[in-house]
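# Following is a predicted model, sequence given first.
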Amino acid sequence: MKNTTFTAYDKFIIVVLTILQFTVILDFMVLSPLGPILLKDLDISTKQFGLLVSVYAFTAFASGILSAGFADRFDRKKYLLFFYVGFMGGTVLCALANTYETLLVARIITGLFGGVISSISFAIITDLFKVEVRGRVMGFIQMAFAASQILGIPIGLELAKHFSWHSSFWLIVSFGIPLGILIAIVMKPVNAHLSLKTDRKAFKHLMATVKNKDHIKAFTATILLATGGYMMIPFGSAYNTNNLGISLDELPYLFGITGVSSIISGPLIGKLSDKTGRFKIFFAGSIIASAMALIYTNLGITPFWICSALNVIMFVGITARMVSTSALISVIPKPQDRGAFMSINASFQQLAGGISSAVAGMIVSKRADGYIEHYPVLGFVVTGIMAISLFLVWRLDQFIKFRDKQA
């Protein structure tokens, strides 16, 4: 019987990486609910706001690609700390920005460093945890997405209402810096992969990782997953407040209720994916998420409790997709290629997210009264993309099963 229990240090790593993900995801996610405030305070259009959201993803893509060739040449702990320090610096600049142009530059800097952090975290997870428990670990790590809604986004919104939108970024800095210090002091080196290092130069290592046929299957699935996943996010808050009748006072509670459900469901879904199969969980999550996307994007003025219930169901589906695919894709690369693979995979994810955010900004438009037009179109587009990604992930799952039988 295989050992599936976690040591005290394992639990420490899971907790630290979960909080780390929380800071990175919150930095990206907090911009969306601040949409109604930023559109007014900075006097910008929906297209300009869409660029504010997507520029982070575009720069994260570039950074991930450029750094991929070096990702397996360093102790992952040191590599993580380098990018986390830069990410914190970029977040400070966001907090200090007072114009659209300065905020745009700050988002570019934050994306250059922050976009690589998730890939390093997933490489660490893959190095330290066996495949038999990886779904559970991914389930905990994905809790960061929910925690950003429960704690970060509502608190950020409250701070923005009572002070200014800058305070939301100061919130991230306030607990992000102590976390970086904790990682530097307590985390052990993660360098076992260095003994497997090849003599390939950085560029050759990058190109070999990109051109690997097995990797391409995973990259393609990731692109479709991210495209469908990010498209509804940038204007979600504006849609809730202006189209569905949810007030700014109710918005933090909506995020909080949704986040609590995701925190509870994440670890359970991860454990279930380890037991029943990752693709089965992904299939169920895709059906739920696509159905809820179609319903939610076609609503009119809706009572708060109905909006909350639909959000809960939709994000359970989204969580199932995220957890299962993260565990599935983690088994693709060899140990000596994990850092490069994860970096490139995260880059494609960021690029797809940036493109989808920009496309969403072109599809929807804001009327003079704040009403968001053409939002239902996003629901149909997202559903179509989810259907295609379902097929691609199925092919990836079949490939992994075939490869395991041949081994």
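Looks like it came in fine.

# all contacts plus neighbour counts: C-alpha atoms, from now on.
Noted.

# What helices and strands are in contact with the helix or strand hosting residue 240?
Taking DSSP states H and E as the criterion, residue 240 maps to helix 236-242. Counting contacts by 3 or more C-alpha pairs under 8 Å, 6 or more residues apart in numbering; DSSP states H and E, helix 236-242 packs against helix 35-41, helix 251-276, strand 372-373.

# so of the ones you listed, which one's packed in deepest?
helix 251-276 (a mean of 21; mean count of other C-alpha atoms under 10 Å).

# Give me the average confidence score over it.
In this model, helix 251-276 has an average pLDDT of 81.

# That one packs against which elements?
helix 134-141, helix 143-147, helix 153-162, helix 236-242, helix 278-296, helix 304-329.

# and if we set it to 6 Å?
When contacts are defined as 3 or more C-alpha pairs under 6 Å, 6 or more residues apart in numbering; DSSP states H and E, helix 251-276 sits against helix 134-141, helix 143-147.

# Among these, which comes closest to residue 192?
Proximity to residue 192, assessed across the helices and strands packed on helix 251-276 by C-alpha to C-alpha, is greatest for helix 134-141 (18.3 Å).

# quick revisit: turn the helices and strands packed on helix 236-242 into JSON lines, including distance to residue 308.
Converted to JSON lines, those look like this (distance: least, C-alpha to C-alpha, whole Å):
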{"stretch": "helix 35-41", "distance to residue 308": "20"}
{"stretch": "helix 251-276", "distance to residue 308": "6"}
{"stretch": "strand 372-373", "distance to residue 308": "20"}
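
# which one of these lies closest to residue 215?
Between residue 215 and those, the shortest separation by C-alpha to C-alpha is 21.8 Å, and it involves helix 251-276.

# Between the helices and strands packed on helix 236-242, which one is closest to residue 329.
With C-alpha to C-alpha as the measure, helix 251-276 is the member of those nearest residue 329 (13.1 Å).

# what angle sits between that closest one and helix 304-329?
Helix 251-276 runs at 40 degrees relative to helix 304-329, counting by axes from the mean of the first three to the mean of the last three C-alpha atoms, to 10 degrees.

# Now do residue 272 against residue 355, distance only.
32 Å (C-alpha to C-alpha, to the nearest Å).

# And for residue 366?
Counting by C-alpha to C-alpha - residue 366 and residue 355 are separated by 20 Å.

# Show me which of the two is the more surrounded one.
residue 355 (22 against 17; other C-alpha atoms under 10 Å).

# sec struct for that one, please.
With DSSP: H, G, I helix; E, B strand; the rest coil as the basis, residue 355 sits in helix.

# So, low pLDDT: which residues of the stretch 251-400 of the chain?
Counting by pLDDT under 70, the stretch 251-400 of the chain contains low-confidence ranges at 354.

# for this structure, longest helix please?
Across the chain, the longest stretch assigned as helix under DSSP state H is helix 375-406.

# Give me the angle between that helix and helix 304-329.
30 degrees.

# Test my guess that residue 22 contacts residue 142.
No. If you go by C-alpha atoms under 6 Å, residue 22 and residue 142 don't touch, sitting 8.8 Å apart.

# Identify the contacts common to those two.
Counting by C-alpha atoms under 6 Å, 6 or more residues apart in numbering, residue 22 and residue 142 have no common neighbour.

# Helices along the stretch 1-150 of the chain, start to end?
Here the stretch 1-150 of the chain has its helices, by DSSP state H, counting those that start in this stretch, at 8-29, 35-41, 46-68, 76-96, 100-128, 134-141, 143-147.

# which stretch in those has the least confidence?
When these are ranked by mean pLDDT, helix 143-147 comes last with a mean of 72.

# Run the chain-centre distance for it.
Chain-centre distance of helix 143-147: 10 Å, with C-alpha atoms, centre = their mean, to the nearest Å.
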